[in-house]
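Novice: Make a model of this:
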Amino acid sequence: MSMATETEKAAERVAKLRAQAEKFAGPLAVAEAEWEAVREAEAARRAERAKAYDRKVVDTWMERAQEAVDSGDEPHKRFMEALAAEPWFAAYVEYRSARYKRGHVLTEAQRAQTALREVMTVPEPRLYDIAILDEIQRAVEKQAAALGAKFSEDLDAKREAFLAERD
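Specialist: Next up is the predicted model:
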């Protein structure tokens, strides 16, 4: 086969493919335009749903925030009951009460020195923080933040479900 024949065959093939491409170019352009119109309509619909959702959030946030706060009342009660039943907690309370008892003794001694018009030699009562409370607080805050993040994800999912919902 000569080079001219190969060139002619290649040119014919290109011409056929161009003809096919032109044949589909019109329907493709129509389909793309329809697709874009559908996407724009969906974006507009979602924007309207977003406005409706956002209006509902603005109109109900105070009640929902109060419900969120109130939802902690029962768990707090259960926590305090469970905490009071823990032997380590009872021991900690006894330990801390010793500090308070010392404070009352010092206050009583200060009053007595004042009544006797003596020079004050009794020190001021002071309480010392215990590091275990900080550790407990850090553990609580870490787990509470994780629960809060899960709640935030749930709110986002509800919003997305609302936006995706058809009227």
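Novice: So the most centrally placed residue in the chain versus Asp54, what's the distance?
Specialist: Centroid check for the chain by C-alpha atoms, centre = their mean gives Ala149 as the closest residue, at 2.8 Å. Distance, Ala149 to Asp54, using C-beta to C-beta, to the nearest Å: 22 Å. Every C-beta, even on glycine, is put in place using the N, C-alpha and C of the backbone.
Novice: What segments of this protein are helices?
Specialist: For the chain, the helices defined by DSSP state H occupy 3-70, 73-85, 87-115, 131-164.
Novice: just so I know, which of these lies nearest Val122?
Specialist: helix 87-115 (4.3 Å; C-beta to C-beta).
Novice: before we move on, the earlier item: as a markdown table, the helices of the chain with mean pLDDT would be great.
Specialist: As requested, these are exported to a markdown table (pLDDT from 0 to 100):
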| stretch | mean pLDDT |
| --- | --- |
| helix 3-70 | 92 |
| helix 73-85 | 94 |
| helix 87-115 | 92 |
| helix 131-164 | 92 |
